[in-house]
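Participant: Here is my input, please return the structure:
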Amino acid sequence: MNFPVRFCEMDVLHYFWLLVRYISILVVVHAASENLKTYFNGRSIGKDNFDANCPSSPSESVYYASFKPPVTTLADTAAPSSSDNSTMSCNSDADDSSACTRGCGNDDGPMVVDRQRKVVDAFRHAWRGYREHAWGKDILLPMSRQHEEWFDLGVTLVDSLDTMHLMGLHDEFAEAREWVIHDLDVRRNKSVNVFETTIRVLGGLLGAYHLSNDDIFRDKAVELADSLLPAFDTASGIPLADVNLLTGAASTPAWSPGSSVAEVTTIQMEFREISRLTGDSKYQDLVDNAWSQVQAQPLHDGLVHMFIDPHTGVFKKGTLTLGARADSYYEYLLKQWLQCNHTDERFAEWYRTSIGGIEKHLMRYSTPSQLLFVGEQRKGGRFIPKMDHLTCFLPGMLALGWIHGVETERSGYHLELARKLMITCYQMYFTMPTGLSAELVYFGQHPGDADIMVKESDGHNLLRPEAVESLFILYRATGDKQYQDWGWKMFESFEEHCKVEGGGYTTISDVSSTVDPKPRDKMESFFLAETLKYFYLLFGEDDTVLPLNRYVFNTEAHPLPIWNMDGI
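Facilitator: Numbering: from 1, shown residues only. As a prediction, this is how the structure comes out:
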């Protein structure tokens, strides 16, 4: 070992502290190597050291990853104050369209431009596979180079329209527009899911209209909305899940105990916008009535159950969750308040109450690293430390509410929660060997548990957008480039493990394997509509592109204008 000066020139105290420093380095290196062994090797988890509420079936293996948080994380930093010039809160009637975003101007560095270009290349690659092997069909199966029909509405094509327009892919957009004109039949003899059709197809047409000002998309949207209206013909006004676009026959699937609460409360923005465009209140009246029926039920500190009977309008009591079947109810609490430009204070109050309920009943910290997460509450109040990837929309929603000043007490607290939850969602990706999150994860609650655990059957990744959406909104809110860097790592993981040669991206079944992640041969339409759109926006520095004080995104990332802005 070569010291910077000769030993004889050092005093004893200096040598002592130098020795301590080298010993400390050796200890840190040893600890890091042990963590890496745990990360890559995993271990079997049995009933003796695993919470009974977590997956522990001996017939199904569990892999997990544990980690040590970095010395400094975003959670350690103070929430930005409203007086800080690097961040801004705003009201929707702000004069400057950048007032909802960072105050540092537009600094398009070469790295940012390159990252956006890579995202556009990814979209082109995905679109190439769809155009060549599934043109005009709903879903691309990229590996077999086949397609899958769902509603016979060209779901991927319509869902992708505004992404193409946003990215400046004018030739692709023009070709897709021709298909909409000549081939999109929204009155075909086909039963469709009201919710999915609304957010993907109706929302896609509205988003394309608002970015292009092309009336063909508005007219098709109105026609489609008319075809969906018979689903609301129930005793309570709660829509049935499915409706035939031609005959109007509506039904609930045999497997379902009722209508999903998320589904009946995540169609309001789109139908309200149809009323605004047409001047006909019937569309908004129907969805407002469905919303009122849900609000008339006894809520648990603002929390809703997963299902509601469409005939009686009564909840089917069960799990309280921010995952599937309930998630976007909370999203549309906030976004309806934004859509109407803060004029209906009921939505803001419902939203604030629900956030309080989420924090009280569903938020916990993991063991040992104190990751903030959102679990589930089953019947009888039993808490389950399980979190869907879908729930990673929550950091973005909290940050969006902070941007618009929804908090009336503890200003900045929602942003603090958002930053902590974003760390958790990031770790859901990067504790997995592929760098991609599982669909469901469990969090340690007892000594000896790992922070993040995944059941083998839950280890799939569906190319979902929620974490990227939250990174985008948090970056717009704070200007912290760490969010861009995290997003870039996620993007590279999708490129490495999901990209299909010849065109398209595929979902995978095993995020724990870098050797064989078990491709599922399916490219969900939301990968183009949401995931790649949010990546593109995240890596951009021009805050006047879809500014968050003038547009509000539906749950499928289709931009709708905030009312009473620019004469709207």
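
Participant: so who does the residue positioned nearest the centre of the chain touch?
Facilitator: The centre of the chain sits closest to residue 466, judged by Cα atoms, centre = their mean, with a distance of 1.5 Å. Applying Cβ atoms under 8 Å, 6 or more residues apart in numbering, we find residue 466 in contact with 389-393, 396, 425. (Glycine included, C-beta is placed from N, CA and C.)

Participant: Adding secondary structure and neighbour count as columns, could you present the residues you listed in JSON lines?
Facilitator: Formatted as JSON lines, these follow (DSSP: H, G, I helix; E, B strand; the rest coil; neighbours: other Cβ atoms under 10 Å):
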{"residue": "389", "secondary structure": "helix", "neighbour count": "24"}
{"residue": "390", "secondary structure": "helix", "neighbour count": "22"}
{"residue": "391", "secondary structure": "helix", "neighbour count": "30"}
{"residue": "392", "secondary structure": "helix", "neighbour count": "28"}
{"residue": "393", "secondary structure": "helix", "neighbour count": "24"}
{"residue": "396", "secondary structure": "helix", "neighbour count": "27"}
{"residue": "425", "secondary structure": "helix", "neighbour count": "27"}
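
Participant: how about the helices of the stretch 101-250 of the chain, start to end?
Facilitator: Assigned by DSSP state H, counting those that start in this stretch, the stretch 101-250 of the chain shows helices spanning 110-133, 155-167, 170-183, 194-196, 203-212, 215-228.

Participant: Can you find the helix or strand in this protein with the smallest mean pLDDT?
Facilitator: Least confident helix or strand, the chain: helix 12-41 with a mean of 43, by mean pLDDT, DSSP states H and E.

Participant: could you pull out the strands for the stretch 351-500 of the chain?
Facilitator: Secondary structure of the stretch 351-500 of the chain by DSSP state E, counting those that start in this stretch: the strands cover 363-365, 372-374, 376-377, 383-384, 386-388, 440-443, 452-455.

Participant: which one of the ones you listed lies closest to residue 174?
Facilitator: Minimum separation from residue 174 across the strands of the stretch 351-500 of the chain (Cβ to Cβ) falls at strand 386-388, 37.8 Å.

Participant: neighbouring strands for the closest one, and are they parallel or not?
Facilitator: Strand pairing for strand 386-388, using DSSP bridges, gives strand 440-443 (antiparallel).

Participant: avg pLDDT for the strand it pairs with?
Facilitator: Mean per-residue pLDDT for strand 440-443: 98.

Participant: gap between that strand and the chain center?
Facilitator: 16 Å (Cα atoms, centre = their mean, to the nearest Å).

Participant: repeat for stretch 470-479
Facilitator: Taking Cα atoms, centre = their mean, the mean C-alpha location of stretch 470-479 is offset from the chain mean by 13 Å.

Participant: Contacts for that stretch next, please.
Facilitator: Residues outside stretch 470-479 that contact it (Cβ under 8 Å, 6+ apart): 80, 86-87, 100-102, 104, 392-397, 399-400, 402-403, 415, 418-419, 421-422, 425, 480-481, 483-484, 486-487, 490, 534, 537-538, 543, 548.

Participant: could the helices of the stretch 101-250 of the chain go into JSON lines alongside mean neighbour count?
Facilitator: Formatted as JSON lines, the helices of the stretch 101-250 of the chain follow (neighbours: other Cβ atoms under 10 Å):
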{"stretch": "helix 110-133", "mean neighbour count": "18"}
{"stretch": "helix 155-167", "mean neighbour count": "26"}
{"stretch": "helix 170-183", "mean neighbour count": "14"}
{"stretch": "helix 194-196", "mean neighbour count": "21"}
{"stretch": "helix 203-212", "mean neighbour count": "26"}
{"stretch": "helix 215-228", "mean neighbour count": "20"}
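
Participant: Of all those, which one is nearest residue 519?
Facilitator: Across these, residue 519 has its closest neighbour in helix 110-133 (13.2 Å, Cβ to Cβ).

Participant: Contacts for stretch 283-302 next, please.
Facilitator: By Cβ under 8 Å, 6+ apart, the list of residues contacting stretch 283-302 from outside reads 225, 229, 232, 236-239, 261, 264-265, 267-268, 271-272, 274-276, 304, 308, 313-315, 320, 329, 350, 353-358, 360-361.

Participant: rerun at 7 Å
Facilitator: The contact list for stretch 283-302 (Cβ atoms under 7 Å, 6 or more residues apart in numbering) reads 225, 229, 232, 236-239, 261, 264-265, 267-268, 271-272, 274-275, 304, 308, 313-315, 320, 350, 353-354, 356-357, 360-361.

Participant: still on that earlier bit, take the contacts of stretch 470-479 and keep only those in helices.
Facilitator: With helices taken from DSSP state H, the overlap with the contacts of stretch 470-479 comprises 394-397, 399-400, 402-403, 415, 418-419, 421-422, 425, 483-484, 486-487, 490, 534, 537-538.

Participant: Generate a ChimeraX selection restricted to the buried entries among those residues.
Facilitator: ChimeraX command restricting the ones in helices among the contacts of stretch 470-479 to the buried ones, with burial defined by 16 or more other Cβ atoms under 10 Å:
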select :394,395,396,397,399,400,402,403,415,418,419,421,422,425,483,484,486,487,490,534,537,538
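
Participant: buried ones in stretch 236-254?
Facilitator: Neighbour-count burial for stretch 236-254 flags 236-245, 250, 252 (criterion: 16+ other Cβ under 10 Å).

Participant: what's the farthest-apart pair in these?
Facilitator: 236 and 245 (22.6 Å).

Participant: what sits against residue 536?
Facilitator: By Cβ under 7 Å, 6+ apart, the contact set of residue 536 is 116, 119, 166-167.

Participant: of these, closest to residue 558?
Facilitator: residue 166 (10.7 Å).

Participant: Mind listing residues that contact stretch 384-397?
Facilitator: The contact list for stretch 384-397 (Cβ under 7 Å, 6+ apart) reads 53-54, 322-324, 327, 330-331, 334, 364, 373-376, 378, 418, 421-422, 425, 428, 437, 439-443, 445, 464, 466-467, 469-470, 473-474.

Participant: if you set the cut-off to 6 Å instead, what comes out?
Facilitator: Stretch 384-397 is contacted by residues 53, 322-324, 327, 331, 334, 373-376, 418, 421-422, 425, 437, 439-443, 445, 464, 466-467, 469-470, 473 when judged by Cβ atoms under 6 Å, 6 or more residues apart in numbering.

Participant: Got a PyMOL select line for the buried ones in those?
Facilitator: A single PyMOL command suffices to select whichever of those are buried according to 16+ other Cβ under 10 Å:
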select buried, resi 53+322+323+327+331+334+373+374+375+376+418+421+422+425+437+439+440+441+442+443+445+464+466+467+469+470+473
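
Participant: Make TSV out of the buried residues of stretch 236-254 and add distance to residue 552.
Facilitator: Rendered in TSV, the data for the buried residues of stretch 236-254 read as follows (distance: Cβ to Cβ, whole Å):
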residue	distance to residue 552
236	28
237	25
238	24
239	22
240	27
241	25
242	27
243	26
244	31
245	27
250	29
252	30
